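Enquirer: sequence and computational prediction follow.
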Amino acid sequence: MNIQTENEIKENIFCLVDAIYWEFMNNLDDSTMKEFVIDDEDNKPDGTKNTEKGVELFDSIEERIKNYIRLKFVLTVKKESKYGNELIYPICERAKLIVKLFDDKKTFTPRHIEILKQLGFIFQHEEIKI
């Protein structure tokens, strides 16, 4: 199995955003496209660069994709210490379902977390409400 590093994931997200952005640009008429992309004098003959509006659109697409990935791959957990043992409990529904895959346990072990991180999951601690 090919496990992606965090940098590889970021690069893949960038490539996806770039493909979506240019697919959109290529379907605009020339005058509308110039609101987003202009010729780059420093990169002739075919170089372009984004206008401020183009940068805002690109960043918006990127943020939406990152948020979607966070929704799918972030697991919320809670750490508790019991009798000198640190236990990690699933809090969100996705984490509760995943922990059941590990011999129907109620907590994640360090090994479980290591495997899930290799698969791209991100762990966040439960927010403390005051």
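Expert: Happy to help now that I have it. Numbers count the residues shown, from 1 in each chain.

Enquirer: could you list the low-confidence segments of the chain?
Expert: Segments of the chain classed as low confidence (criterion: pLDDT under 70) are 1-6, 104, 129-130.

Enquirer: report the longest helix in it, please.
Expert: Ranked by residue count, the top helix of the chain under DSSP state H comes out as helix 52-73.

Enquirer: return the set of buried residues in that one.
Expert: Of the residues in helix 52-73, those with enough neighbours to count as buried (16 or more other CB atoms under 10 Å) are Gly54, Leu57, Phe58, Ile61, Glu62. For the C-beta atoms, the positions are set from N, CA and C on the backbone; glycine is no exception.

Enquirer: stretch 109-118 now?
Expert: Neighbour-count burial for stretch 109-118 [16+ other CB under 10 Å]: His112, Leu116.

Enquirer: break the protein into its domains for me.
Expert: The record, using automatic domain parsing to delimit domains, assigns the chain the ranges 6-71, 73-125.

Enquirer: ok, Gly54 - contacts?
Expert: Contacts were defined as CB atoms under 8 Å, 6 or more residues apart in numbering; by that measure Gly54 touches Glu35, Phe36, Val37.

Enquirer: surely Leu87 meets Thr107?
Expert: Yes: A contact is recorded between Leu87 and Thr107 when judged using CB atoms under 8 Å, the distance being 4.7 Å.

Enquirer: out of the two, which sits in the busier spot?
Expert: Per other CB atoms under 10 Å, whichever of Leu87 and Thr107 has more neighbours is Thr107, with 18 against 15.

Enquirer: the more buried one touches Tyr89, doesn't it?
Expert: Yes: counting by CB under 8 Å, Tyr89 is a contact partner of Thr107 at 5.6 Å.

Enquirer: got the end-to-end distance for stretch 92-108?
Expert: Distance across stretch 92-108, first residue to last, is 13 Å (CA to CA, to the nearest Å).

Enquirer: how about it: buried residues?
Expert: Within stretch 92-108, the residues scored as buried using 16+ other CB under 10 Å are Arg94, Ala95, Ile98, Val99, Thr107, Phe108.
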